[in-house]
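Peer 1: got a predicted structure plus its sequence, pasted below:
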Amino acid sequence: MSLVSIEKTIKVIANQFDVEGEVLDISRFGSGHINDTYKLTVSSSKDISYLLQKINHHIFTDVDGLMHNISLVTNHLKTVLKGTVGDVDKHTLTIVPTKENGLYHVTSDGEYWRIFILLEDTKSYDIVETTKQAYSGGQAFGKFQKQLATLDATKLVEILPNFHNIDFRLNNLRKAISKDSAGRVAAVEDILIYIFERENKMRRILELAKSGQLPLRITHNDTKFNNVLLDQYDNVQCVIDLDTVMPGYVAYDFGDAIRTIINAAAEDEEDLDKVVLNIPLFQAYAEGYLNEAKEFLTNTEIDSLMYGVLLLPYMQAVRFLTDYLEDDIYYKIHYPEHNLVRTKAQLKLVQELESHEEILTNILNKSLVSQ
Ligand code: GN1
Ligand code: MG
């Protein structure tokens with residue numbers, strides 16, 4: 001549907017929420033692969049705009065649990081931040097309630113919508129450019145984990161079970177291969193060999209966890225760099241996209257952030273020669289993160305960070321390829337082979353990371369003692 005044809009619908013939906021003034025303008029916002037996001041400009045004497053999101057309820061089937069989690073997390077963050085920053089609402093997301101004081105609105109055709117306050121004068125980056133940005137990103141997620149350490153994890157719904165469980169992801173890939181619903185398996189055989197050759201190595205976090213050596217913490221689980229908002233001086237301001245906040249292992253958050261930070265190219269770069277490592281950015285993120293997190297991480301968790309760095313791009317490739325084999329039912333795609341291109345770019349990243357594993361491990365160890 002074009003934006004013009006949904007403009008009227010969006011205005012009706014926005015009217016269900018406690019927004020200031022009238023909606024003057026609607027534009028698409030951000031680069032998420034799951035939900036649809038729009039910026040709402042309103043007529044109000046207050047300097048305020050909103051983010052309206054259609055929640056993908058095929059993926060987030062428990063929308064009530066999802067919004068309950070986000071409400072719990074944002075309220076907790078606001079309490080923890082009080083007194084440490086000028087305006088807590090500039091440093092956390094704020095849910096705009098419906099006029100009936102609900103956390104989301106369901107339309108008569110069964111679509112789920114929510115609104116957040118848009119944080120003005122902030123920046124997010126799909127590709128990191130400077131060590132300052134990378135350092136701020138590390139601080140952001142280190143602080144985030146630290147702040148959530150005082151929230152009772154049993155209150156959170158595990159919104160997408162097994163989200164970062166590589167056995168679960170590989171099993172889904174196996175199922176997609178045996179169904180071959182899009183008839184695409186034969187053409188990707190080399191890629192499948194590459195993936196399954198690495199299966200055991202990629203189970204290291206799961207094994208540590210199974211033997212009780214890794215504590216479950218509340219983690220973000222979608223630490224792509226564009227989920228951090230920086231201020232105009234590239235200082236950390238706010239962590240966004242809280243849909244997947246749930247119990248997890250810190251190595252998953254570390255690895256997923258590095259997946260986007262260390263890659264000099266985009267997640268879906270077609271020219272694989274451009275998928276190379278920007279190692280100074282890795283070091284800066286590691287320093288920013290460890291500066292915040294080393295006070296609560298165990299030694300085994302610190303050792304597991306590098307396993308996360310190798311695992312997350314690998315798992316992302318497995319997920320993109322599974323979706324490709326299932327005829328692109330999960331991620332939004334912008335052209336027919338998009339998921340295959342994404343898979344190849346992520347696997348090139350795995351290859352680069354593997355060949356620099358020792359260098360990166362040394363940097364991690366150095367950033368731990370250098371502070
Ligand atoms: C999805 O919300 P968005 O588009 O940033 C996905 C993440 C992937 C990411 C890959 C719920 O995140 O897990 O890492 O795409 N979110 C979900 O870019 O599956
Ligand atoms: Mg997300």
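Peer 2: Done, it's in. Ligands and ions are numbered 1, 2, ... in the order given.
Peer 1: can stretch 162-174 be found next to ligand 2?
Peer 2: No - Stretch 162-174 lies apart from ligand 2 when judged by Cβ under 5 Å from the ion; the minimum separation is 10.6 Å. Every C-beta, even on glycine, is put in place using the N, C-alpha and C of the backbone.
Peer 1: which other residues reach that stretch?
Peer 2: With contact meaning Cβ atoms under 8 Å, 6 or more residues apart in numbering, stretch 162-174 is reached by 195-196, 199, 202-203, 205-206, 221, 244, 246, 248-249, 252, 311-312, 314-315, 318-319, 321-322, 325.
Peer 1: what subset of those residues is buried?
Peer 2: With neighbours counted using 16 or more other Cβ atoms under 10 Å, those contain these buried positions: 195, 202-203, 205-206, 221, 244, 246, 248-249, 252, 311-312, 314-315, 318-319, 321-322, 325.
Peer 1: mind listing which of those are in strands?
Peer 2: Applying DSSP state E to the buried ones among the contacts of stretch 162-174, the entries found in strands are 246, 248.
Peer 1: check whether the lengthiest helix in the chain contacts ligand 2.
Peer 2: Ordering each helix of the chain by length in residues (DSSP state H) puts helix 299-325 first. No - using Cβ under 5 Å from the ion, helix 299-325 stays clear of ligand 2, coming no nearer than 12.5 Å.
Peer 1: which SS class is residue 109?
Peer 2: coil (DSSP: H, G, I helix; E, B strand; the rest coil).
Peer 1: hang on, the earlier thing: can you narrow the buried ones among the contacts of stretch 162-174 down to the ones near ligand 1?
Peer 2: With Cβ under 6 Å from any ligand atom as the criterion, the subset of those in contact with ligand 1 comprises residue 244.
Peer 1: show me the contacts for residue 57.
Peer 2: If you count contacts by Cβ under 8 Å, 6+ apart, residue 57 has them with 63, 110, 111, 112.
Peer 1: continuing past the longest helix of the chain, what's the next helix or strand?
Peer 2: Scanning forward in sequence from helix 299-325, with DSSP states H and E defining helices and strands, the next element found is helix 338-355.
Peer 1: next, the angle from the longest helix of the chain to helix 338-355.
Peer 2: Using axes from the mean of the first three to the mean of the last three Cα atoms, to 10 degrees, the inter-axis angle of helix 299-325 relative to helix 338-355 is 150 degrees.
Peer 1: does anything pack onto helix 299-325? Which helices or strands?
Peer 2: Identification of packing neighbours for helix 299-325 by 3 or more Cβ pairs under 8 Å, 6 or more residues apart in numbering; DSSP states H and E yields helix 166-179, helix 189-197, helix 204-210, helix 250-261, helix 338-355, helix 357-369.
Peer 1: contact residues of the stretch 51-200 of the chain facing ligand 1?
Peer 2: Counting by Cβ under 6 Å from any ligand atom, the stretch 51-200 of the chain sits next to ligand 1 at residue 59.
Peer 1: what ranges does the stretch 51-200 of the chain have for its strands?
Peer 2: Remark: strands of the stretch 51-200 of the chain, listed N- to C-terminal, are 95-96, 105-106, 112-117; assignment by DSSP state E, counting those that start in this stretch.
Peer 1: where's the first one relative to the chain centroid, distance-wise?
Peer 2: The chain centre lies 20 Å from the centre of strand 95-96; the measure is Cα atoms, centre = their mean, to the nearest Å.
Peer 1: listing partners with orientation, what would you give for that strand?
Peer 2: Neighbouring strands of strand 95-96 in its sheet, by DSSP bridges, are strand 112-117 (antiparallel).
Peer 1: who's in contact with the partner strand?
Peer 2: Contacts made with strand 112-117 from outside it, assessed by Cβ under 8 Å, 6+ apart, are listed as 13-14, 16-17, 19, 40, 48-55, 57, 63, 67, 89, 93-96, 103-107.
Peer 1: so which of these are in helices?
Peer 2: Using DSSP H to define helices, the subset of these located there is 13, 14, 63, 67.
Peer 1: what sits against the first one?
Peer 2: Just to be clear, that refers to residue 13. Contacts of residue 13 were listed using Cβ under 8 Å, 6+ apart, and they are 52, 105, 107, 113.
Peer 1: among those, which one has the most neighbours?
Peer 2: Neighbours here mean other Cβ atoms under 10 Å. Within the contacts of residue 13, the largest count is held by residue 52, at 24 neighbours.
Peer 1: from what I can see it touches residue 14, true?
Peer 2: Yes - with the criterion set as Cβ atoms under 8 Å, residue 52 and residue 14 qualify as a contacting pair; they are 6.1 Å apart.
Peer 1: overlap in contacts of these two?
Peer 2: Common contacts of residue 52 and residue 14 (Cβ under 8 Å, 6+ apart): 40, 115.
Peer 1: contacts only, for the nearest residue to residue 337 once chain neighbours are set aside.
Peer 2: Of all residues beyond its chain neighbours, the one nearest residue 337 is residue 324 (7.9 Å), with distances taken as Cβ to Cβ, 6 or more residues apart in numbering. Taking Cβ under 8 Å, 6+ apart as the contact definition, residue 324 lies against 182, 184, 188, 337, 339, 340, 343.
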